[in-house]
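**Q** Give me coordinates for this.
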Amino acid sequence: MTKLSVNINKIGTLRNARGGNYPDVLKVAADVQEFGANGITIHPRPDERHIRYADARELKELVTTEFNIEGNPIPKFIDLVLEVKPTQVTLVPDAADAITSNAGWDTITHAEFLSDVISTFKKQGIRTSIFVDPVLKMMEGAAKTGTDRIELYTASYASDHAAGNLEGIKPFVRAAEVAHQLGMGINAGHDLNLENVRYFKEHVPNLLEVSIGHALICESLYLGLENVIRMYQHQLR
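**A** From the prediction side, this is the model:
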């Protein structure tokens, strides 16, 4: 079964919109786990506009499943990860002012930098993953950095699927095959939802984990959080 890690950034966004602590990010994380999710993902950004660095520290004591922290490995982020020691760190090359992640790493241009950062995390027993586009040379570059996994950036797949273009899955299938051959685990995330996640899981081999946040929270507004998590788990089995 492919694991479901729920990104709770949008809960932080909603909380921060009014100040105070409602909704409570920690309670939502606890509930998400109780409802059957296999992990919690957060993506703290430098401006802390949704998840705050303090949230990461507090969640460490609460997450009993897998804890995944995503982000651009600037010094502040690296220090946070080394302090919290999550199950997994996912390296994402997003700019400080990015609304959301919009591209994977160029694992060839940034090979030395990524190798150094990954080595630092792995020495502390933290599983590493690199956010990448489904491009074969980027799979090869990722393998040379020593990363444990890659996370396929699935925005193009989601767009193609919504337009009825099922051929859009092919680059992801091939990228996953190559990543597996090179000894890396395969994660995926970005714009996956209840409409497209089953097709992706059924066709992309060796898919270990999907990280879903924005769509899952939006769907929960209509269907309820507990129900939506169960629906995702049904799709991923």
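**Q** What distance do you get for the residue nearest to residue 117 when sequence neighbours are not counted to residue 154?
**A** With sequence-adjacent residues excluded and distances taken as CB to CB, 6 or more residues apart in numbering, residue 117 is closest to residue 73, at 4.7 Å. The C-beta positions use only the backbone N, C-alpha and C, and glycine is treated the same way. Distance, residue 73 to residue 154, by CB to CB, to the nearest Å: 21 Å.
**Q** the more surrounded of the two?
**A** Neighbours were counted for residue 73 and for residue 154 using other CB atoms under 10 Å; residue 154 has more, 26 against 19.
**Q** show me what contacts that one?
**A** 172, 188-192, 200 (CB atoms under 8 Å, 6 or more residues apart in numbering).
**Q** Try it again at 6 Å.
**A** 188, 190, 192 (CB atoms under 6 Å, 6 or more residues apart in numbering).
**Q** and the residues you listed as JSON lines, adding secondary structure and neighbour count?
**A** As requested, the contacts of residue 154 are exported to JSON lines (DSSP: H, G, I helix; E, B strand; the rest coil; neighbours: other CB atoms under 10 Å):
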{"residue": "188", "secondary structure": "strand", "neighbour count": "26"}
{"residue": "190", "secondary structure": "coil", "neighbour count": "25"}
{"residue": "192", "secondary structure": "coil", "neighbour count": "26"}
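**Q** which intervals of the protein have sub-threshold pLDDT?
**A** For the chain, applying pLDDT under 70 flags the ranges 96-101.
**Q** Point to the residue nearest the middle of it.
**A** Nearest to the mean C-alpha position of the chain, by CA atoms, centre = their mean, lies residue 211 at 4.2 Å.
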